[in-house]
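# Sequence unavailable; structure follows:
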């Protein structure tokens, strides 16, 4: 009951204390992460997963800063979303309220441990965290710090719980709902994890599908802007779900612009796989197969297709995309409007890198994931998206009669 009844200031104090506890425990957390990384390398974990798992002093400082930012954002609990009065005098308010107990199941990323804990506390929810086996030591060390922060602020330690085992049966028990204790499951990981959660869950699931993100360079794109955006969208960090996996370029500008884009990407270490039209312009490009259009590489590999106009770009995205994040680069406002209307993804950008698909960049402090479902929440899932609502109706003795 503490989570529902505590005031916003109490939750803020607890989240702030958690951030400082992470800073204080940094040496122990980094030592635990080094052990996890050593074991993961020995086990042959893929490079993109190693990158997601790895912490260094800078990244860990970023984790603590994200928690501080969550402490600073407006508290959504009990916020009135709308209020109106009926002709009979009834005063009706729609008010944000916590969902209840959330279970977050994730792979590799230890920052999710802190982000999810802080966002759930901000939104008045209890959370059960189940990280991947590759990061167990790191997650345990982070969880100890977070609980120390809770206790220092006078909050119950049980608000944030971590499954301390790598036994896969633990996931199965969570997906069954733990006897009605779990209200919502949030998976954050690869296609296999999400598929298992969707198949086995007996409680509501907030989905996060793979990031098959596209950047479309329109005929009216500014060439310099397009070159900067495309390289950043692919290569800033290839292991994140907002990394562009397919470049779509308009046939009207491809002869002049695609060779320059290819040179920029190859200079940054990116391998290219193109359709026949793209390879005709850049012969060194490898041939793209049908599977490339549906592959989330999470690596320095980019598929390239030449398309004829906004409608063709939108059609490709509708066919192969995952509804995550897609972008257009153009100076034509009408083309941008057609693209944003036609592309039904959780995040649609105009003249910006898909790497902005991130709750911190949206001002949410952090995120639990990018929701690609169409119900309840879409895009970065922050504290506000982790609430539901109820109606509070105030009368003066009204009866229906």
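The structure has been received and is ready for your questions. Here the structure is a predicted model, which is why all the values come from computation and not from measurement. Numbers count the residues shown, from 1 in each chain.
# Quick check: the gap between residue 262 and residue 281.
8 Å (C-beta to C-beta, to the nearest Å). To be clear about C-beta, it is placed using only N, CA and C from the backbone, and glycine gets the same treatment.
# More neighbours: which of these two?
Set residue 262 next to residue 281 and count neighbours by other C-beta atoms under 10 Å: residue 262 wins out with 22 against 18.
# Quick check: the more buried one is in a strand.
No. Applying DSSP: H, G, I helix; E, B strand; the rest coil, one finds residue 262 to be helix, outside a strand.
# Run a quick neighbour tally on the closest residue to it other than its chain neighbours.
Among residues not flanking residue 262 along the chain, residue 282 sits closest, at 4.5 Å (C-beta to C-beta, 6 or more residues apart in numbering). By other C-beta under 10 Å, 19 other residues sit near residue 282.
# Who are the contact partners of residue 282?
258, 259, 262, 272, 274, 304 (C-beta atoms under 8 Å, 6 or more residues apart in numbering).
# secondary structure class for the residue nearest to residue 223 when sequence neighbours are not counted?
Excluding the flanking residues, the one nearest residue 223 by C-beta to C-beta, 6+ apart is residue 257, at 5.7 Å. Here residue 257 is helix, with the state taken from three-state DSSP.
# what's residue 204 sitting at in phi/psi?
phi -60, psi 150 (degrees, to the nearest 10).
# I'd assumed residue 185 was in contact with it.
Yes. Judged on C-beta atoms under 8 Å, residue 204 makes contact with residue 185 at a distance of 7.1 Å.
# More neighbours: which of the two?
More crowded of residue 204 and residue 185, by other C-beta under 10 Å: residue 185, with 25 against 14.
# That one: helix or strand, and which one exactly?
Assigned by DSSP states H and E, residue 185 belongs to strand 184-188.
# Tell me the helices and strands packed up against the next helix or strand after that strand.
Downstream of strand 184-188, the first helix or strand assigned by DSSP H and E is helix 191-200. Judged by 3 or more C-beta pairs under 8 Å, 6 or more residues apart in numbering; DSSP states H and E, helix 191-200 is in contact with strand 101-106, helix 168-175, strand 184-188.
# picking that back up, joint contacts of residue 204 and residue 185?
If you check residue 204 and residue 185 against C-beta under 8 Å, 6+ apart, no residue is contacted by both.
# All the helices of the chain, in order from the start?
2-5, 8-24, 26-42, 47-53, 57-72, 111-122, 136-152, 168-175, 191-200, 223-235, 254-267, 276-281, 310-320, 333-342 (DSSP state H).
# Next, the angle from the strand holding residue 185 to helix 168-175.
Orientation of strand 184-188 against helix 168-175 (axes from the mean of the first three to the mean of the last three C-alpha atoms, to 10 degrees) gives an angle of 140 degrees.
# Direction included, what does strand 184-188 pair up with?
strand 101-106 (parallel), strand 204-205 (parallel) (DSSP bridges).
# Contacts made by the longest one with the rest, please.
By C-beta under 8 Å, 6+ apart, the list of residues contacting strand 101-106 from outside reads 112, 116, 120, 125-132, 171, 174, 178, 181-189, 193, 197, 368, 386.
# and if we set it to 6 Å?
112, 116, 120, 125-131, 174, 181-189 (C-beta atoms under 6 Å, 6 or more residues apart in numbering).
# What are the neighbouring residues in contact with residue 100?
Applying C-beta under 6 Å, 6+ apart, the residues contacting residue 100 are residue 183.
# What values do phi and psi take at it?
The phi/psi pair for residue 100 (degrees, to the nearest 10) is phi 140, psi -110.
# and stretch 60-75, which residues are buried?
Within stretch 60-75, the residues scored as buried using 16 or more other C-beta atoms under 10 Å are 60, 62-71, 73, 75.
# Just name the closest of those residues to residue 360, please.
Checking the buried residues of stretch 60-75 against residue 360 with C-beta to C-beta, the nearest one is residue 66 at 6.1 Å.
# thinking the closest one is in contact with residue 364, fair?
No. Between residue 66 and residue 364 there is no contact under C-beta atoms under 6 Å: 9.6 Å.
# And the closest residue to residue 233 other than its chain neighbours, what's its pLDDT?
Nearest residue to residue 233 in three dimensions, chain neighbours excluded: residue 244, at 3.9 Å (C-beta to C-beta, 6+ apart). Per-residue pLDDT puts residue 244 at 98.
# For residue 244, which residues are in contact?
Residue 244 touches 213, 215, 233, 234, 354, counting by C-beta under 6 Å, 6+ apart.
# All set now, cheers.
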